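[1] Return a 3D structure for these sequence lines:
(3 chains)
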Amino acid sequence: MTAKLQLNSDGKIKHFLSIEGFSRAILTEILDAAESYSEMATISSKKVPLLRGKTISNLFFENSTRTRTTFELAATRLSADVLNINISTSATSKGESLLDTIRNLEAMHIDMFVVRHALSGAAQFIAENCAPNISVINAGDGRHAHPTQAMLDMFTIRQHKKKFAGLVVAIVGDILHSRVARSQIQALNILGVNEVRVIAPKTLLPVNVEKLGVVPYQDMQQGLEGVDVVMMLRLQRERMNSALLPSENEYFKCFGLTQEKLKFARPDAIVMHPGPINRGIEIESSVADGEQSVILQQVSNGVAIRMAIMALAMQSGG
Amino acid sequence: MTAKLQLNSDGKIKHFLSIEGFSRAILTEILDAAESYSEMATISSKKVPLLRGKTISNLFFENSTRTRTTFELAATRLSADVLNINISTSATSKGESLLDTIRNLEAMHIDMFVVRHALSGAAQFIAENCAPNISVINAGDGRHAHPTQAMLDMFTIRQHKKKFAGLVVAIVGDILHSRVARSQIQALNILGVNEVRVIAPKTLLPVNVEKLGVVPYQDMQQGLEGVDVVMMLRLQRERMNSALLPSENEYFKCFGLTQEKLKFARPDAIVMHPGPINRGIEIESSVADGEQSVILQQVSNGVAIRMAIMALAMQSGG
Amino acid sequence: MTAKLQLNSDGKIKHFLSIEGFSRAILTEILDAAESYSEMATISSKKVPLLRGKTISNLFFENSTRTRTTFELAATRLSADVLNINISTSATSKGESLLDTIRNLEAMHIDMFVVRHALSGAAQFIAENCAPNISVINAGDGRHAHPTQAMLDMFTIRQHKKKFAGLVVAIVGDILHSRVARSQIQALNILGVNEVRVIAPKTLLPVNVEKLGVVPYQDMQQGLEGVDVVMMLRLQRERMNSALLPSENEYFKCFGLTQEKLKFARPDAIVMHPGPINRGIEIESSVADGEQSVILQQVSNGVAIRMAIMALAMQSGG
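    Numbers count the residues shown, from 1 in each chain, chains lettered A, B, ... in the order given. All right, here's what the predicted structure looks like:
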């Protein structure tokens, strides 16, 4: 259902809510578009007039300076006008419903909503209920999806590995609670990597995780063997108190990525992390800053991929 | 006195502080200008370069995301630069006086202040004390006035009823505390409707309310009979505790606009509300979302009318 | 070391961290550039396309609406895109280090950081550690420096006194804790005034203050005699509780600038203050608003000088 919702009648991207349901062709079209924006970032003027006169509203129900910043930069560099709306301080505190807030913003002729929400399905709910000329981008909803993060990760992998076929990719950390991991797994499988592994303590793996199209490991040595790409997840430290996890030290000892453990992977493996990193908890500083790390390239690519997705969604028309 | 302050020596709009004192010709000029901005909103690029190079400062001493947002959009679509200043977190907390804050912003060559303040007369005070080249727009001051809200309401009425002559309009709710109602009553009378009625419990009607140019009613059936336009006010729920009002249920029963009560009005009556609406308190959801409701058109018109007022005030020169 | 860091290999301004180490020629180049921006502010369109396509990030670790506002206006009038980042609510609260924050913003292709921080040396630390194509402007760091404030003061002095040679300048107030005073003293000496005096109670003067190139006074009558420029400092009222100062009344009696005390200075002396002013504490209202006061011109000049510094730093290339 999401799949249909995300495409217009010509099969073009209308909303970007979840990786699920997009074809390999569509994901590849996004990666190709991001390529040109990525090159543009290094020249003197980083702006194109593509979305001049359009208004993009960042609807952040959950605070995230970093993600909001990359979306704001992406929109600004496409010459759109950006309206940041921090919902906790806005009308909803006067008792207005989400739907009323959306109706009001629609009436102000907003062209696109970038939605971040603590509840899974929030972006889809807005896409299902907003005016037909508006596009919705999911900037992270609950435990469900963070599809633009997954796409910038795919872009970074393609930059370094050229193609997806044949790759073995390991995702390490709290798979159970991670919207990033869910979107990454879907994207990797659609783009046709050879194998997706997840490495985590049993308490942080979903039941029947194999059904997502992954091979689970509970041991770093076995899981990292022969791997081309190591994707670390950020450890939500609040889980520590919830009996799902032992101490930080214990976690780092077993699942923290150290130079030593990284040797289990292929010598040309790249190390990724969605940030912000917890140094010494899920990743050793020398690995985060090391030669195999592409973490800061992910950040750069985050702006380019969001420009690509915004531009494609806006060009699909109403 | 406000009247003189609001016009320049050529009789053009200089400040927009209160409906009071403006002529029918001036209000009509604003409505006509808003017409073209309203049409523009639906085309691809919503921007005109009219105020390019101008700086407009939103001086919000009272939080209002919705009103600030429409002013910000209006300014941006006129290509002005917008400076949002949340006064509670700014210099005044360092003990600086309002006048010093204004002097400093003047010195930064701000061209227009959009002022929201909990005290009646704040916008006028600023207009009286600021540099002669600056225009001031009142975005709501205490219980005094909310003139841009009234103008967007007039615009919406004209869209649907074509002319003001002959109309019977009822304003329902807390007339006593409402700056919106005061500005609406003035605008309706200047534009020459046939009759303005106010419907409220006695405790929420000003003493000698007739002097404002209205006919008071304390009963919905009598008050709505033959009415062309029903303008609901937002109920400030904090009044509930102040002995001015019975319970919410009791209020809704007597003064809440239901489909049943709406039948007392003319069959082609339109229903308006300044938002955000309290569903089930002052208005039934099926009425707010019903065929006679023009509430969301009011929001759209809010951007157009503010573009018109800003543009006219800036064109009157220093 | 700062001196070298601030200039590129062609001797052009790269970073603007501290007055210290800049030559008279460089400071004069800034003042000359600000002259044209100052004239521009009064014409209809205040914008130049000089930094179009550039992204400037206001990194404010310490809140200051006024300073942030002038930098935002300066950047906007140079047509740059501005990204305001309030650090207390951002990633550092998720435990990210300053260096990781900088690395991330670099990766987003920010061209310039405007840094305000409660710790001395913060801006320099960022300049030393950021990518070579980025310029850093110090908008106030701890007790160390506030060099753009000092430059707008120099600009204001030159406006009124035409040249620096021969001038006697007195700085009055809490010299010990003032980053503004430190930067002013350096700028005045580099630009070649005849004499810089500091007037303060002993507890608010640094030990061996003469080494800074000033003559210390503890008495207003003696200190102001023959002075061309009186530069008042803002009194940090929190010092009152710290045993460094007697009561506010006592302070005002001895060191507050009154019309009476101002008569000790030359009759054409100008009175300056970085704002926001504490009326009746360090300065009498009639002096702040009087004929000799140039306080609001300082504010206007603050935008022009920041435009000049930003433009020069960005033109020096990577």
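
[2] Is A:Val214 in contact with A:Val198, as I believe?
    Yes - here A:Val214 reaches A:Val198: they are 4.8 Å apart, a contact under Cβ atoms under 8 Å. In short, each C-beta sits where N, CA and C put it, glycine included.

[3] who's more crowded, those two?
    Set A:Val214 next to A:Val198 and count neighbours by other Cβ atoms under 10 Å in any protein chain shown: A:Val198 wins out with 29 against 24.

[4] three-state assignment of that one?
    Classification of A:Val198 by DSSP: H, G, I helix; E, B strand; the rest coil places it in strand.

[5] Show me where the stretch 51-200 of chain A has its strands.
    Remark: strands assigned in the stretch 51-200 of chain A by DSSP state E, counting those that start in this stretch are A:55-60, A:81-86, A:112-117, A:135-141, A:168-172, A:195-199.

[6] For those strands, which has the smallest mean pLDDT value?
    With a mean of 90, strand A:81-86 has the lowest mean pLDDT of the strands of the stretch 51-200 of chain A.

[7] Can you tell me the number of residues neighbouring the closest residue to chain C within chain A?
    Going by Cβ to the nearest Cβ, chain C is nearest to A:Ser45 of chain A, at 2.7 Å. Neighbour count for A:Ser45, taken as other Cβ under 10 Å: 12.

[8] Distance-wise, check the nearest residue to A:Leu50 once chain neighbours are set aside relative to A:Phe71.
    Residue nearest to A:Leu50 in three dimensions, not counting chain neighbours: A:Leu78, with 4.9 Å by Cβ to Cβ, 6 or more residues apart in numbering or on different chains. For A:Leu78, the distance to A:Phe71 (Cβ to Cβ, to the nearest Å) stands at 11 Å.

[9] So between those two, which is more surrounded?
    Neighbour count, other Cβ under 10 Å: between A:Leu78 and A:Phe71, A:Phe71 has more, with 28 against 23.

[10] burial of the closest residue to A:Ala150 other than its chain neighbours, as a residue count?
    Leaving aside its sequence neighbours, A:Ala150 sits nearest to A:Ser183 (Cβ to Cβ, 6+ apart; 3.6 Å). Applying other Cβ under 10 Å, we find 25 residues neighbouring A:Ser183.

[11] what's the answer for A:Thr42, then?
    A count of nearby residues for A:Thr42, using other Cβ under 10 Å, gives 10.

[12] The residue of the stretch 151-300 of chain A found nearest chain B sits in which helix or strand?
    The minimum distance from the stretch 151-300 of chain A to chain B, using Cβ to the nearest Cβ, falls at A:Pro276 (25.3 Å). Taking DSSP states H and E as the definition, one finds A:Pro276 inside no helix or strand.

[13] Likewise for the one 10 residues further on?
    Secondary-structure element containing A:Ser286, defined by DSSP H and E: helix A:285-288.

[14] how about that helix, does it reach chain C?
    No - under the criterion of Cβ under 8 Å from any Cβ of the partner chain, chain C is not reached by helix A:285-288; the shortest gap measures 8.7 Å.

[15] what does the stretch 101-250 of chain A put close to chain B?
    Neighbours of chain B within the stretch 101-250 of chain A, by Cβ under 8 Å from any Cβ: A:Arg103, A:Asn104, A:Glu106, A:Ala107, A:Met108, A:His109.

[16] The third one: neighbour count?
    Looking back up the chat, that one is A:Glu106. 19.

[17] quick one: it and A:Ile126 touch, right?
    No - with contact defined as Cβ under 8 Å, A:Glu106 does not reach A:Ile126; the gap is 10.1 Å.

[18] just to revisit the earlier point, distance of the residue nearest to A:Ala150 from B:Lys47?
    34 Å.

[19] Then A:Asn194?
    From A:Asn194 to B:Lys47 the distance is 49 Å (Cβ to Cβ).

[20] what about those two, which has more around it?
    With other Cβ under 10 Å as the criterion, A:Asn194 and B:Lys47 differ in neighbour count, and B:Lys47 comes out ahead with 17 against 12.

[21] Excluding chain neighbours, what is closest to the more buried one?
    Once flanking residues are discounted, B:Lys47 sits nearest to A:Gly53: 4.6 Å by Cβ to Cβ, 6+ apart.
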